[in-house]
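Trainee: What would the 3D arrangement of this be:
(chains A and B)
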Amino acid sequence: MIENLVIVESPAKAKTIEKFLGKDFRVISSFGHIRDLSKKNLGIDIENDFAPDYEIPKEKTRVVSELRKAASEAKNIWIASDEDREGEAIAWHLAGVLKLDLATTRRIVFHEITKDAISNAIENPRSIDMNLVNSQQARRILDRLVGFEISPVLWKKVQPSLSAGRVQSVAVRLLVEREREIFSFKPESSFRINAIFRVDEANLESAFLRAEASKRFPDEKEAQKFLELCNISKYNVSDITVKPGTRSPAPPFTTSTLQQEAYRKLGFSVAQTMAVAQKLYEAGKITYMRTDSTILSKLALVKSREVIISGYGEKYSKTRQFKTKTKGAQEAHEAIRPAYPDNLTITGNLNEKKLYELIWKRTIASQMADAQVEKTTISIEMNNSPVVFNATGEVIKFDGFLKLYTESSDQENNDEEKYVIHPVKKGMPLYYNNITAAPKFTAPPPRYTEASLVKKLEELGIGRPSTYAPTISTIQNRGYVSREDRPGEKRHIKVLTLEKGKITAISKTEVSGKEKSKLFPQDIGMIVNDFLIENFSEIVDYHFTAEVEEQFDEIAMGRLKWTGMLHEFYVPFHKTIEKTLENKDRKTGVRTLGNHPETGEPITVRMGRFGPVAQIGNSDNGSKPRFASLSKNQLIETITLEEALNLFRLPRSLGMHEDDEMVVGIGKFGPYIRYKNKFYSLKKGTDDPYSLTVERAIEIINEKNESEKKKVIKDFGDIKVLNGRYGPYITRDKLNYRLPKGTESEKLTKEDCIKIIEKNNKPK
DNA sequence: CAGTGAGCGAGCTTCCGCTTGACTT
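Mentor: Predicted coordinates for the structure are as follows:
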């Protein structure tokens, strides 16, 4: 018999708490929810006032039987799930499944894992809050209704296996709308004038100042005219302003801000960040990593202060508590921080170390003093033009938290070069070293990264810390969006430079639109998005979640009946489902691009059975239409007639080579040459299937055959020694075996190989 | 590893939020 049994959600938390509570307490975990709506069917009896049909999922049966066993052996049971809507529901399900008396079940909560917080919780138990539980049931059931009623409509009207949901569909919408903004964006250019001035007329090496003209010029001619004026102008310092300012540190990490910073500073994907953080949490190195709170425990504040004072001195310390600003934050946990702020580094793999260091710096910096800065602006006037040159610079008077950490920004063109402002005085004459005029193009809004999408979703109050990473995975797995790099396009520009009284023009190329690890909507994502906006505009509205959240709050406060709320939502919603099923045609995103220049047949693009397809003609008058798949990076929405026609040029014959035909085409894995029933991939970036020559094709074929010959070191029939990416290895029955270190692969006999295979086969 | 587009029909897919392993390469 155990005196006291405490049930928490996370096993790592259970371990820590058990230490604090002593031998009269046993702490076990439920591993999150233990019961959910039935997986088959809807799991909701709509006729019967939305009665939910809960079941214990298969993967939870073991945990539940362990919980049952522990509960039957305990005298007192304390349910310590998190203090939020989901945690309250977990408590209620636990009470139900473990057959606990609701009236006497002791529900306790704590926000930080310290001895004081836990004993305080034990001294102040309460009962389960049914209003809060009901708001969770409303949330759960609404999500099931939305997901399980709209998805089948998509299967019928768009494509099988698609999905829609309150969170994922809005995430896709954000990406699609941003992509369309980018399509329709027309870059405009104007000439920007940048000058480097010196203080001494004769000495070309004297102190200099970088400044930009207050005016931009629409074209090269105007810019040229201005530079001519610059050449004969006299310059002097007309004004100097010095503005003091402060910069404050960012709050400690939440899940969302950790994902953003780990992406920007470490290049981690959202899922990778969470996996590494999970490891750190399980090892007791950081606090819980799924949180929306920026609050630090008192203990963390005190410890951080000690670390700062001993490391940097008293004046670098400024203890702060940051209020969580996020909409709908439930604050069941602390911010993400080092479990022990005095540990500057940890043991672990490289990524764990990097992420820990990031969390440590962010936490400590948040408790450091503001930085004191001084922003200086120097105006330089011309004697023959109203245009003014401005030089700006920032001097850090006291670094404060900047000593340790600065937050990165999503802005890519961070061309704010920090130039030291040399001491100049009002009225002082200046002389130009050089003045350049270069066209500057306006840029479209940036594409989302995984992390910036999470940021946007959080701002809209959509999704929770535990679902950001899975949502990002879902929309990629469904094929709605894809994470990709794009090389960008070269742009030729002309730069004018005025130097020593002469204006020279140089041509330059710059790359625009280069993308790294960005989210690109795909055709199916755009078609589904448009279908949802046409038919379920309320659900994919950016405010939908915020509006239902308000009602969930009303339910939690006991001011609204949860089944009533669901009824209000469901009746019109279900009517829309039925109307859509009945009246709407299948949506393929079809576009007519025009007519074939020779035959006059119509050319269309649409989503076909196997993906986006272009079609020449139709089957009306007994003629057979021709089909070609769109290639990667082409979208139904933006493909041109010319590009579509091009698709039909492949596969094409390159003619004969040693009595066999060479055919070029684009397959599942990119452009290829088919020759003697073998496939040879074209080199990415260098070879183009439309313009590939016979000579180059033969070269590719020979190259591959050569390297394949080198691949086989020994051939014993069923056993082969091959040369792979990681060096020589043995293969048999499609299984590969590593060679022991120091083996000379050329000298292996068949018997040696069998020995190695048998050794390798031993179970680990 | 390497395109498919005739048409029909059975059986499958799907949500969001809590939590981690148990799998294979």
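
Trainee: Quick check: the residue in the stretch 151-300 of chain A that DNA strand B sits nearest to vs A:S151, distance?
Mentor: Residue nearest to DNA strand B within the stretch 151-300 of chain A: A:G165 (1.8 Å; Cβ to the nearest atom of the strand). Every C-beta, even on glycine, is put in place using the N, C-alpha and C of the backbone. Plainly put, A:G165 is 8 Å away from A:S151 if you go by Cβ to Cβ, to the nearest Å.

Trainee: Do I have it right that the residue of the stretch 151-300 of chain A closest to DNA strand B meets A:V146?
Mentor: Yes. The criterion here is Cβ atoms under 8 Å, and A:G165 meets it with A:V146 at 6.2 Å.

Trainee: Need the phi and psi values for A:I730.
Mentor: For A:I730, the backbone dihedrals (degrees, to the nearest 10) come out as phi -100, psi 140.

Trainee: Name whatever forms a beta bridge with the nearest residue to A:T497 once chain neighbours are set aside.
Mentor: Closest residue to A:T497 apart from its sequence neighbours, by Cβ to Cβ, 6 or more residues apart in numbering: A:T436 at 4.8 Å. Per DSSP bridges, the residues bridged to A:T436 are A:N194, A:T497.

Trainee: What number of residues are in the vicinity of A:T436?
Mentor: 18 (other Cβ atoms under 10 Å).

Trainee: before we move on, what about A:D53?
Mentor: Neighbourhood size, A:D53 [other Cβ under 10 Å]: 13.

Trainee: Just give the closest residue to it, not the sequence neighbours.
Mentor: A:S38 (4.4 Å).

Trainee: At which residues are the helices of the stretch 201-350 of chain A located?
Mentor: A:220-232, A:255-261, A:270-282, A:298-312, A:350-366 (DSSP state H, counting those that start in this stretch).

Trainee: I'd like these as a markdown table, with mean neighbour count and distance to A:E3 appended.
Mentor: Formatted as a markdown table, these follow (neighbours: other Cβ atoms under 10 Å; distance: least, Cβ to Cβ, whole Å):
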| stretch | mean neighbour count | distance to A:E3 |
| --- | --- | --- |
| helix A:220-232 | 16 | 84 |
| helix A:255-261 | 26 | 36 |
| helix A:270-282 | 20 | 28 |
| helix A:298-312 | 17 | 28 |
| helix A:350-366 | 21 | 37 |
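
Trainee: Dump the ones you listed into CSV; add distance to DNA strand B and mean pLDDT as well.
Mentor: What follows is the helices of the stretch 201-350 of chain A, written out as CSV (distance: least, Cβ to the nearest atom of the strand, whole Å; pLDDT from 0 to 100):
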stretch, distance to DNA strand B, mean pLDDT
helix A:220-232, 46, 97
helix A:255-261, 9, 98
helix A:270-282, 6, 97
helix A:298-312, 19, 97
helix A:350-366, 16, 98
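
Trainee: Could you save these as JSON lines and add columns showing distance to A:E73?
Mentor: Shown next, in JSON lines, are the helices of the stretch 201-350 of chain A (distance: least, Cβ to Cβ, whole Å):
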{"stretch": "helix A:220-232", "distance to A:E73": "84"}
{"stretch": "helix A:255-261", "distance to A:E73": "36"}
{"stretch": "helix A:270-282", "distance to A:E73": "27"}
{"stretch": "helix A:298-312", "distance to A:E73": "33"}
{"stretch": "helix A:350-366", "distance to A:E73": "37"}
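
Trainee: For A:I380, which of these is the nearest?
Mentor: Of all the helices of the stretch 201-350 of chain A, helix A:220-232 sits nearest to A:I380, with 11.3 Å by Cβ to Cβ.

Trainee: could you say what helices and strands the closest one packs with?
Mentor: Judged by 3 or more Cβ pairs under 8 Å, 6 or more residues apart in numbering; DSSP states H and E, helix A:220-232 is in contact with strand A:189-198, strand A:429-441, strand A:489-499, strand A:502-512.

Trainee: Buried residues in the strand or helix carrying A:K455, which are they?
Mentor: Here A:K455, judged by DSSP states H and E, is contained in helix A:450-459. The neighbour-count check on helix A:450-459 (16 or more other Cβ atoms under 10 Å) flags A:450-458 as buried.

Trainee: Return the distance of that helix from the chain's centre.
Mentor: Relative to its chain's centre, helix A:450-459 lies at 7 Å (Cα atoms, centre = their mean, to the nearest Å).

Trainee: Likewise for stretch A:22-30?
Mentor: 38 Å.

Trainee: Just the residues contacting stretch A:388-396, thanks.
Mentor: A:195, A:197, A:209-214, A:235, A:238, A:371-382, A:402, A:418-421 (Cβ atoms under 8 Å, 6 or more residues apart in numbering).

Trainee: Filter these down to the buried ones.
Mentor: Buried subset of these (neighbour count, 16+ other Cβ under 10 Å): A:195, A:197, A:209-211, A:213, A:235, A:371-373, A:378-382, A:402, A:421.

Trainee: Kindly tell me how buried A:D659 is, as a neighbour count.
Mentor: Neighbours of A:D659 (other Cβ under 10 Å): 6.

Trainee: Apart from its chain neighbours, what residue comes closest to A:V133?
Mentor: Leaving aside its chain neighbours, A:V133 sits nearest to A:W92 (4.5 Å; criterion: Cβ to Cβ, 6+ apart).
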